[in-house]
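1. missing the sequence, but the structure's below:
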């Protein structure tokens, strides 16, 4: 069984960082050139979570799954998710609920064989292909905990003024 404590911890750290930025007194900290705003970062995470939940659910139902993060990089889609969630607080709530779902689905529900299922994966970052090969489902889940969520928590905290 996959230990979901690191995933829970990563979600908690991300949500704490998002709340810190939201409560900083600057309603919309301006990101450095070429970077995303807090809401755009959170919108991206919502889409990544939904993509991961889809892959987990597909594997659990015996269906084929793929994992492609390109929609999570599309600014129009990110803005649509932000509007659907009704802004920062709604995005944080959605991420919290998605995190709960992934921890429930990705932990005790999946067998070792399901966690080891190879998922054709395409991961891009800043226009660069990072992964283009089958990846075990377990690695997609642990990648959230070890790389994706901590990276976006740091990205959020970088939006704070230096004196904060």
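-> Perfect, thanks for sending it. It should be emphasised that the depicted structure is a prediction, and the values quoted were computed from it without experimental measurement.
2. so residue 53 makes contact with residue 100?
-> No. Counting by C-beta atoms under 8 Å, residue 53 stays clear of residue 100, with 10.8 Å between them. Placement of C-beta: from N, CA and C, glycine included.
3. More neighbours: which of those two?
-> residue 53 (15 against 12; other C-beta atoms under 10 Å).
4. can you tell me which residues contact the more buried one?
-> Going by C-beta atoms under 8 Å, 6 or more residues apart in numbering, residue 53 touches 98, 101-102, 105.
5. Wasn't it part of a helix?
-> Yes. Judged by DSSP: H, G, I helix; E, B strand; the rest coil, residue 53 forms part of a helix.
6. My guess is residue 20 contacts residue 160. True?
-> Yes. Between residue 20 and residue 160 there is a contact at 7.0 Å, judged by C-beta under 8 Å.
7. Let me see the residues that make contact with stretch 84-102.
-> Stretch 84-102 is touched from outside by 4, 7-8, 11, 14-15, 18-19, 22, 38-39, 42-43, 45-46, 49-50, 52-53, 56, 81-82, 141, 144, with contacts defined as C-beta under 8 Å, 6+ apart.
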